[in-house]
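Visitor: sharing a model that was predicted from the sequence below.
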4 protein chains.
Amino acid sequence: MTREKKIEIAPPAKLGILTVGLGAVSTTLIAGVEAIRRGICKPIGSVTQMATIRLGKRTEERNPLIKDFVPLSPLEDVRFGGWDVFHDDGYKAAENAQVLGKEHLDELRPYMERIKPMAAVFDPRYVKKLKGETTNVKQGKSLMDKADALMADMDAFADREKCDRLVVVWCASTEAFLEQKPVHKSLADFEKGLKDSSPEIAPSMVYAYAAIKKGIPYANGAPGLNCEIPALQELADKTGAPISGKDFKTGQTLMKTIIAPGLKARMLGLGGWFSTNILGNRDGEVLDDPESFKTKEVSKLGVLDYILQPEVYPELYKNLYHKVRINYYPPRGDAKEGWDNLDIFGWMGYPMQIKIDFLCRDSILAAPVALDLALFMDLAARAGLKGIQEWLSFYYKSPIVREGLYPEHDLFIQQTKLKNTLRYLMGEDLITHLGNEYYGF
Amino acid sequence: MTREKKIEIAPPAKLGILTVGLGAVSTTLIAGVEAIRRGICKPIGSVTQMATIRLGKRTEERNPLIKDFVPLSPLEDVRFGGWDVFHDDGYKAAENAQVLGKEHLDELRPYMERIKPMAAVFDPRYVKKLKGETTNVKQGKSLMDKADALMADMDAFADREKCDRLVVVWCASTEAFLEQKPVHKSLADFEKGLKDSSPEIAPSMVYAYAAIKKGIPYANGAPGLNCEIPALQELADKTGAPISGKDFKTGQTLMKTIIAPGLKARMLGLGGWFSTNILGNRDGEVLDDPESFKTKEVSKLGVLDYILQPEVYPELYKNLYHKVRINYYPPRGDAKEGWDNLDIFGWMGYPMQIKIDFLCRDSILAAPVALDLALFMDLAARAGLKGIQEWLSFYYKSPIVREGLYPEHDLFIQQTKLKNTLRYLMGEDLITHLGNEYYGF
Amino acid sequence: MTREKKIEIAPPAKLGILTVGLGAVSTTLIAGVEAIRRGICKPIGSVTQMATIRLGKRTEERNPLIKDFVPLSPLEDVRFGGWDVFHDDGYKAAENAQVLGKEHLDELRPYMERIKPMAAVFDPRYVKKLKGETTNVKQGKSLMDKADALMADMDAFADREKCDRLVVVWCASTEAFLEQKPVHKSLADFEKGLKDSSPEIAPSMVYAYAAIKKGIPYANGAPGLNCEIPALQELADKTGAPISGKDFKTGQTLMKTIIAPGLKARMLGLGGWFSTNILGNRDGEVLDDPESFKTKEVSKLGVLDYILQPEVYPELYKNLYHKVRINYYPPRGDAKEGWDNLDIFGWMGYPMQIKIDFLCRDSILAAPVALDLALFMDLAARAGLKGIQEWLSFYYKSPIVREGLYPEHDLFIQQTKLKNTLRYLMGEDLITHLGNEYYGF
Amino acid sequence: MTREKKIEIAPPAKLGILTVGLGAVSTTLIAGVEAIRRGICKPIGSVTQMATIRLGKRTEERNPLIKDFVPLSPLEDVRFGGWDVFHDDGYKAAENAQVLGKEHLDELRPYMERIKPMAAVFDPRYVKKLKGETTNVKQGKSLMDKADALMADMDAFADREKCDRLVVVWCASTEAFLEQKPVHKSLADFEKGLKDSSPEIAPSMVYAYAAIKKGIPYANGAPGLNCEIPALQELADKTGAPISGKDFKTGQTLMKTIIAPGLKARMLGLGGWFSTNILGNRDGEVLDDPESFKTKEVSKLGVLDYILQPEVYPELYKNLYHKVRINYYPPRGDAKEGWDNLDIFGWMGYPMQIKIDFLCRDSILAAPVALDLALFMDLAARAGLKGIQEWLSFYYKSPIVREGLYPEHDLFIQQTKLKNTLRYLMGEDLITHLGNEYYGF
């Protein structure tokens, strides 16, 4: 199974991570990376920084850290920037988000205050519930003009921060629901649409266009189409920009993609799965609205279908009643609580129940996901992996895949795919866990 | 990755499954198999009967049932027998166990009544809390005589039921704690010990000896040494009998080996894991005793250490405070409840909590595990796989492995190992989930 | 505190309990009473049958059963009947309801089959989600004609079953939301409305009118106006019929009225109370509809306000965020699950949380409440207590009280009120729990 | 029900509250009172400070605050002091206890630093697990000498702080188990024992003796005999000192005495009640020891027996399997988690379950209890209520009562007793919740 030669990967360089949105997730990311650099804390939750990877046989005991195995940009070489509709600097934005404690905010204040958001591309039709006046917004005759302005922002940032490479990560709110339209079908139509300022082009698509056009990797952390339209995939194929998405996998869905594969591994049936969430941050407020919730719900419900394969296992999963509820509940702030009830059945059909109560924190779970994606997307670009990065499905609620393939939601298959991709890139044997050699067959 | 030739596997034949102990697990197993044969219910929870296995690429869509892929004995060809210290037939024993509902017991009564236990090898020093008079017990001058009597039982059963092949599965209570002694070290010493009726040879070892001596596969569903001693491994190597163990993985430990790998995959830290069980069956009564519990506890605590690798990830798992409690609580009968609290921490060290309440049923989870093990162990014997069957770790709380290897507890690695072993046996490509061919790198 | 003379109470007699609706609650009630009479089970959950009442000082040790203390009709003297829109007899209706096990249904089958529902007053505008053809429905030119027909039913039932006394209990589905209209304001207007078949008169009001007109006690187990309109209270004052309501207090609301008084007793603050329900019976289906749910929600939300008195305790309860969700979830059938999260705060404002998971059974909790109400309402009638019976608030989610009073929701105050009313009726000292005499002050 | 004249109560004065032990509970109490005086927070959890009391009829709307109704010492007039085996001042002790956040500790630091513990009476036989060197300990030839030294401490404190009145509250660790011995039977024997330094006299008894001897009220917040021996009751009768105990009712037991009365009110049966606690403070460490736990367990188990009266309700509660487990689990610190499972049964015996997860904080719940007891005990002394104060049962896990009476554990009866006692003291009508006058019977 050894490969003769490894793929050529350009060496890492000073990397700029640009986030769309300077809110809860991105300020938590930025503050955390700086705190890690200062030795205040460890990069908990980050696979690129903390995980090891087994190479060769178990008995060889070769288990390097992933960051020592594949050539990633070290955190010391990372610089942060981004766009936001408000003028608040990184400190003010982090304070508003109420994720981090005073002891962390105080210590990192000067660093965070230096993070000033660039003017955003904004369209109130796509984000209805935003409170406050959006004063930090790009003006421009057409969406194409705004795309050009974003590209100029990227160049200026790289220049100012002396970054050789950039990555863009969408960390902003969920946009209003939008289905694929003709304007999204081809690059030509899409660019025409940008010039005509088509109302069917969401701001997120303008960001994605700007990044991909410049060959800069683009990762989408929210649900919504964003970069997942044929026009932008066509562009990515042309410029070689890696893209990936969508919707960071955290909280309840993370738990689902851990537990469902386990029950399925044992062929235990599921009669019902009821999931309710209570959360008090802006995300919760937006999703309390039935229409916005519908978008999210579709994405959340699909997870179990792909993992459980009811069409293959009708006796076990065909009658699964799956219900997801999200409830705005201000007493919690950014601390979210997910409560799940599973009605399972086993041998001879006897019923059992599992209840899971997850007292989690949204942005704390999302920040290291954003970091890993930025570093891996940059690696992909340097290794010449173009377009959709399916091997990063591990991080997404709703992974984008090439047409004709189904998305993989099982966290453990996703992890195997990710780690075997890294082994493959570096010319190491893939791991199959067979281990027959120890037993002589 | 394709292998040139597949391993030769003798064809399946009429298979006798002999259980040590005719209690909750074995009567649930026997009743269930008969109910499945009659079309009353589906073999829920059984991987051999219900699971499919993906072959080749995703796009090939080759996903046969495992039982159609590897040559297993069909349930129609299975016959049941076993030993017990009481004379109760299968119906009476199932009624006492209070696992199955009246509607199932009534319908299967004539079949279950025909299951009559053979006289058991018994030693009260190893099972202290058994209530009732143990009247169905083998007499004999020495343990070797009793081993001979067990071998004669096996022959007589095969003869009477016209079975060409046999498997033995330990489904009886946990025996008193026993450490490895000199008498367990070599086959010669062990056989001398049998002749001298050494008090350091537990009844379970006599059963294991008898089966292995005859080249019959032996699987151990309880904690305790049982077949896991050098003397019996030496014998298995000689006679070619497959062996596996130990302790069926069900309930709380099953959940642990599902969730811990998920948290570790995401590099989330663990500060504490508190597990408490309430259960009202005989198992609970025995384990309420602090000494018996200690044996179980050791086995249960190890699980997290192997999965989490605190020596590799000291910042994440070194300070994990792991506590397991088992509480006898009669109101529940065979229905067990496991409550877990996990104190986890993520990005920048922020704490979160997960609580899991599993309202499960012990024997309902164990019965299909016993069935799968019996069928796979027989397959192993026909395929010439001798001695320890590590690929069946998937089913055990405390998997036995070859000296020099560490046991694998991660349910998903165990599953990959099991399925890739089946693919290997049948000459199919191993699955690595790389899928680079779809993306042209 | 001793009263000179006790209130005169007419002796009990053979009592007919007529339920509106022959569904889950009423068949569970009827089957249970018959099972108790046969000695199959005990009247668990019934205060009239099982509770004792302390009389005099603690040291007197006078604690008779309530049924031995106040002159209630014994269960032997109770007969059941009722109305339903379907023709199903009591057995068939109980089987559909899926509350009782086969072992109970089989044993009581002949008795239950004899319960044949009388034709119902029905109006599809008030119960929209009913499935199946409603064939057992009263025809009649006007609502007044139907009221007359109901009165005739009552007479015929009393005659046939040789009952000297009757009670009517509404056990049917929640009707569509209806606010008080002019036609409900006075008896004269209401009777005119009956003659004109006003669409603002719900079927429940016709039943209530018929019962009250005849001086028969009427209890309302559902939310909705029902007997709670000035016209019918005017009528009750005239005929002397006791009335009470509304909405049997079971499940989550029962728990709320237990726990909230406890937290308030200790002056612990509440920042949030999130309640979610999953249930799969017809009730759940109806309430999954947002409009129907709104009615229920109003009733459920009020409970905490009355108990916690946020206007008296603004620092503790003014900012309480109270949210109630009901989710239709078919895997559960009549078995309901209520999950509550309470965000509380204590000394110096430090936050704490309480989570309650109640795996309950709707009709099992409601049936003894219906029985107690029937027996106590008949007692009230015989004791000359007219109109609203506030002392029965103990049984209701949303107790009716005399104008100018606030309803009492604290279960423990309700219990004190109930028991002290019984003591008062029988001329015993009221209990204050002072007990100063033991300590000489 | 009105009383002719009210009891004479001496006016309040400057009050010294002396705590035995300057640990988690007492520093939380002291810091909280000071924070309240400075307007930083409200006295959440304190009945004396926040609760109102209804006087007269509902319609009178007379609901004064308790502190405005009965003459309690205002918080402004309270001074704190105490004894401890360590020299740590109030700030250092609070910091060690890890109950209060940095923001509170910093602000109150100067005040807390002024609290210096007086030298304690200590005997290592009674508190085995104390870590660190106990350097702040009274020397003295006999226990009587130490009692004299304590009395001198009290005088000195009163003098220094200009307090006219004192109260002593035991807030220290649970002492080793001790049964009543002959030396505890009479005051004469006990005083002889003090002089002989009998090993059967625990340090807590020396404190109690010193306080009671001086006529100072004494409240016991821990389990253990303490003041609950005939010798000290004899002394209290002589000096008129009020005494009360034992074991502050907080956390899981508080919830039990809220929920059990509710289930009993509805005559719901209980088949099992399983309670497990995880806690990481010193209390948890001590109670992880099986022997110490036994003492606590006895006290905790009794609660349900008294509330449920299994002898009166054998069908409902005789077979209740009640189990309490306490587990030391350091990840939690002072934050305790109590998990309860209730197996209940209702109508026709159908089973249901309730699970309660209480994420609480030990000292946050205990501190206002200690405050209320101090203020009410002083009130009792001024009102001439001698000896056992049963009306304060509301605050205790295991209330002391006069010989011949059973203790009352139902939180709601306890509350009624407390409030009616206050009404009685002030010459107001007792409340019975009858309310018949509104309905004319």
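Guide: Cool, got the structure.
Visitor: just give me the neighbour total for the nearest residue to residue A:97 once chain neighbours are set aside.
Guide: Nearest residue to residue A:97, sequence neighbours excluded (C-beta to C-beta, 6 or more residues apart in numbering or on different chains): residue A:24, at 3.8 Å. Every C-beta, even on glycine, is put in place using the N, C-alpha and C of the backbone. Residue A:24: 26 surrounding residues under other C-beta atoms under 10 Å in any protein chain shown.
Visitor: and residue A:314, by the same measure?
Guide: Residue A:314: 10 neighbours (other C-beta under 10 Å).
Visitor: kindly report the same for residue A:98.
Guide: Using other C-beta under 10 Å: residue A:98 sits among 14 other residues.
Visitor: so what's it up against?
Guide: Neighbouring residues of residue A:98 by C-beta atoms under 8 Å, 6 or more residues apart in numbering or on different chains: A:281, A:333, A:334.
Visitor: can I assume residue A:306 sits in a helix?
Guide: Yes - checked against DSSP: H, G, I helix; E, B strand; the rest coil, residue A:306 lies within a helix.
Visitor: is it in contact with residue A:405, as I believe?
Guide: No - Residue A:306 is not in contact with residue A:405 according to C-beta atoms under 8 Å; the separation is 11.3 Å.
Visitor: what comes up buried for stretch A:394-414?
Guide: By neighbour count on 16 or more other C-beta atoms under 10 Å in any protein chain shown, the buried set for stretch A:394-414 is A:394-401, A:408-414.
Visitor: farthest-separated two in these?
Guide: A:400 and A:412 (19.8 Å; C-beta to C-beta).
Visitor: do you know the pLDDT at the residue nearest to residue A:85 when sequence neighbours are not counted?
Guide: Excluding the flanking residues, the one nearest residue A:85 by C-beta to C-beta, 6+ apart is residue A:134, at 3.9 Å. Residue A:134 carries a pLDDT score of 84 in this model.
Visitor: over to residue A:9?
Guide: 95.
Visitor: which residues does it contact?
Guide: A:70, A:71, A:379, A:382, A:383, A:425.
Visitor: just checking, the last one touches residue A:70?
Guide: So that's residue A:425. Yes - contact criterion C-beta under 8 Å: residue A:425 and residue A:70 qualify, at 6.6 Å.
Visitor: what's the distance between residue A:255 and chain D?
Guide: 17 Å (C-beta to the nearest C-beta, to the nearest Å).
Visitor: I figured that residue hits residue A:340, correct?
Guide: Yes - with contact defined as C-beta under 8 Å, residue A:255 counts as touching residue A:340 (7.0 Å).
Visitor: what touches both of those two?
Guide: A:356, A:358.
Visitor: quick one: low-confidence ranges for chain A?
Guide: A:1-6, A:288-292, A:295, A:299 (pLDDT under 70).
Visitor: close to chain C: what parts of it are there?
Guide: A:271-272, A:274, A:276, A:278, A:321, A:323, A:325, A:327, A:329-332, A:337, A:339, A:341, A:343, A:355, A:357 (C-beta under 8 Å from any C-beta of the partner chain).
Visitor: select only the buried ones of those residues in PyMOL?
Guide: A single PyMOL command selects the buried members of the residues of chain A next to chain C (16+ other C-beta under 10 Å):
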select buried, chain A and resi 271+272+274+276+278+321+323+325+327+329+330+331+332+337+339+341+343+355+357
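Visitor: if we can go back for a sec, residues touching the residue nearest to residue A:85, list them.
Guide: A:85, A:86, A:120, A:122, A:124.
Visitor: run the last query once more with 10 Å
Guide: A:84, A:85, A:86, A:87, A:120, A:122, A:124, A:127 (C-beta atoms under 10 Å, 6 or more residues apart in numbering or on different chains).
Visitor: among those, which ones are buried?
Guide: A:84, A:85, A:86, A:120, A:122, A:127.
Visitor: so which of these belong to strands?
Guide: When DSSP state E defines the strands, the subset of the buried ones among the contacts of residue A:134 inside them is residue A:84.
Visitor: chain C: which of the buried ones among the contacts of residue A:134 is nearest?
Guide: residue A:127 (24.6 Å; C-beta to the nearest C-beta).
Visitor: many thanks, I have nothing further to ask.
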